[in-house]
Structures are given as structure tokens and as C-alpha cells.
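> Got a sequence here, can you model it:
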Amino acid sequence: MDYAGIDARNLRFPVNRPLTDPERREQLDPARSTGVAPRIGLSLIKFNSTYIELVDRWYPVKGFNVWLSIMGALAFVPASLYMLIKLIILGEPFAEDERWILWCFWAVIVPLSLFILGGIVWLFRSECFRWTHYPMRVDRRSRQIHFFRQDGTVATGAWDRLFFFIGESTTPPIGRTNDLRVHFLSDDGATVLETFSLGYEYMGGRQDVLGIWEFIREYMESSEAELARLSRMAPIYMPIHDRKEGFVFGVVRTFANFSRWPWLHLVFSLPYSFIGMARWLAMTTSRIPAWPAEVHASSAIKEDDPHRRDWRDNPPLGFVDDKWPLICTAIGVLTAIWILYTIEQALDLRY
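Residues are numbered from 1 along each chain as shown. Sure, this is the predicted structure:
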């Protein structure tokens, strides 16, 4: 899964460095159209005449790290405990010329086990007991963008001073991906101080990212008469700004990563059913982000705003978008049960 930019040593966006030539070539001008049709996909949380609120780039894949950590723990912890009990606690007897086995356990297996255990814990904590999402608020009235950092603080930048460009990352096993990236630059305009990902389309390409840019750019630069057209471009709004994402919608959003190919829901029903459950665990244990008072004050909206939209305005989902992912989740769980039952039967026959 693509976790570029997340708070991890090799995935963080590099900062406190000079702006590069490729970034300059990929720079986007807010005053000029790229010619790509605007689109927003499943990125919007709220829309109104004052601001739009967007999800972070890790929201589409939330739950994968939790699932991976649980799978790793189930495979690793029992084997490690067995070796610990057998070799250390019960004191497995060794002949004098076999004592090297015990030394190898302490010198190699224990440090390696601690390293693996640390990785499992990091994967779990990267999504659990954190924030349900990391919103970004693009304020049309004050011409500012507010970014909710991963540590819970907020960064605010002026629309007309931020450096927008198409970023590129390479993350195994996804490969090369693009996103809409934003730099906070120093006063000389040549040093990168902080970087955020403003728009991202999972399993999408460069054109999809440019479409998201055009949506945001038109929202900020067009007249108010264009807002109604833009508000209708969102298929649905994410139900997360004042509540935690529920289990059903979490499953829907997990399988939505393959919404263009519904038959893949069935093919990947086994892992994705449990990723959906892991997503629910991550959401349940995390806090809902809250903007500070000064952000609310600068982006207050009118009660009679005709362009006000959020999850309450979502249309009913169709069978492929709603019921089909839940059916595939049930199939995935039943498949896992059948596999475990088959293994148990095979072991019974063997012994």
C-alpha cells in the first residue's frame, strides 16, 4: 500500500532542503488551467461557499497496516513464545558441544525477534490510537489552506504563496505513484520547510491528480456562480467530520479502491474482508480531529449557505457500491473459516 509521506523514517517527505529542478518543472500555477477536467473522487468531506475539507492521502488505505501487523503477530508471536519457553524457561537440555545453539538464540534470535516485534508494533500504532484522518481545509474566503499534522497540530499557509506541484513517490509493492503536493517555502523561495499531500487518487494516475488540482483551483479562483457545479461533482462526501466512520461504510470504502473493477472485490475478498475489519479497529481506537478555535473563526459559514454539503446529502448507494462489498466481506470470512477447518482436518488425519 502507498504510505508515502507518513511519519516514518524512510517514508517522510524530505524537508529543510533546496527546491529541486524536477519540482520546479512540475510546479502548478493557481492562475492557469492545466486543461484537464476537474474531478474530486472520494476526497471531499465538506463543501460550502467558504471552504472545502479534504481527506488525507492515507485515508483510502487505512486498515492495511493494522491488518498486516495482526497477521505478522499471529505468525511470529506463537513461534517466538514456543522457542522462549522451550529453550529458556523449561531449560531444554543441551550437550556440551551443543551449547552454541543457546548462544545463537541470545545473540541472533532475540535481537531479530525484538526488531520484528518493534516493526509489528509500529505498523499497528501507525493507524490505531492516532487520528481517524488528517483533514485539510481549503478556505476560499481567507485564501488559506489549513493542514492537520500527524502530531495533532495545524499548519496554515497562504494560497497565493504556497508551492503546488505534482509529486512522485515509489512505494513497494505499489510502485510509482503521483499526488498533488504542497511545499511551505522559506522567505527566499528556495528552501523546503514542510510538505503536505493535498490530493491523491488510490490506483489513479497523473491525470486523476491533475483533475483534483483543477477542482481545488477552480473552487478557489472561480466565481461563486460556479460553486453549485463543483459541489455536484463529488459522488459522495466522506462521513467523518463529526463522527467516526462506521463498520459498514469502512467496508464500502475499503472495497471502493477497486470500484472500477467489481469482479476484483470477489477475487480479493479474503484479505480485503479482514482489512475492512482492521480499518474499523483503527477508526474505533482513534480520535476525531478537531480544528482549533482560530481556524473555526476564520472559516465560519452562514447557516443559509446554498452550497453547503456534507455526508448528510449523500445519495443512496447502489448494489455494487454498498451491498456487494458486504457480500464479499462475508465470503472472505467464510473462506478463511473453511481454510482453517480444512487445515485442522488435514492435521487430524495426519496424527
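> Quick check: the nearest residue to Ser80 once chain neighbours are set aside vs Arg32, distance?
Once its chain neighbours are removed from consideration, Ser80 has its nearest residue in Ser113; the separation is 5.2 Å (C-beta to C-beta, 6 or more residues apart in numbering). C-beta coordinates here come from the backbone N, C-alpha and C atoms, glycine included. When distance is defined by C-beta to C-beta, to the nearest Å, Ser113 is 55 Å away from Arg32.
> Counting neighbours, go ahead and name the busier of these two.
With other C-beta atoms under 10 Å as the criterion, Ser113 and Arg32 differ in neighbour count, and Ser113 comes out ahead with 17 against 9.
> is it true that the more buried one lies in a strand?
No: Ser113 sits outside any strand when classified using DSSP: H, G, I helix; E, B strand; the rest coil, being helix.
> Quick check: pLDDT value at it.
Ser113 is assigned 81 on the pLDDT scale.
> pretty sure it is in contact with Ala79, am I right?
No: with contact defined as C-beta atoms under 8 Å, Ser113 does not count as touching Ala79 (9.3 Å).
> per-residue pLDDT, the residue sitting nearest the centre point of the chain?
What sits nearest the mean C-alpha location of the chain, by C-alpha atoms, centre = their mean, is Trp58, with 1.5 Å. Residue-level confidence at Trp58 comes out at 95, pLDDT.
> So it is in contact with Ile6, correct?
Yes: at 6.0 Å, Trp58 and Ile6 qualify as touching, with contact defined as C-beta under 8 Å.
> Quick check: which ranges of the stretch 251-351 of the chain have low pLDDT?
Low-confidence segments of the stretch 251-351 of the chain (pLDDT under 70): 350-351.
> Quick one: the helices in it, in order.
With helices called from DSSP state H, counting those that start in this stretch, the stretch 251-351 of the chain shows them at 262-267, 269-285, 293-298, 324-350.
> Output those helices in CSV; the columns should cover mean neighbour count and distance to Thr254.
Written out in CSV, the entries for the helices of the stretch 251-351 of the chain read as follows (neighbours: other C-beta atoms under 10 Å; distance: least, C-beta to C-beta, whole Å):
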stretch, mean neighbour count, distance to Thr254
helix 262-267, 14, 10
helix 269-285, 22, 4
helix 293-298, 12, 30
helix 324-350, 13, 7
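> Tabulate those (TSV), appending distance to Pro239.
Compiled in TSV, the helices of the stretch 251-351 of the chain are given as follows (distance: least, C-beta to C-beta, whole Å):
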stretch	distance to Pro239
helix 262-267	21
helix 269-285	11
helix 293-298	20
helix 324-350	15
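> Can you say which of the ones you listed is nearest to Asp160?
Asp160 sits nearest to helix 293-298 of all these, at 15.9 Å, using C-beta to C-beta.
> This structure: strands as residue ranges?
When secondary structure is read from DSSP state E, the chain shows strands at 17-18, 27-28, 44-47, 51-54, 136-139, 144-148, 154-158, 163-171, 175-185, 191-199.
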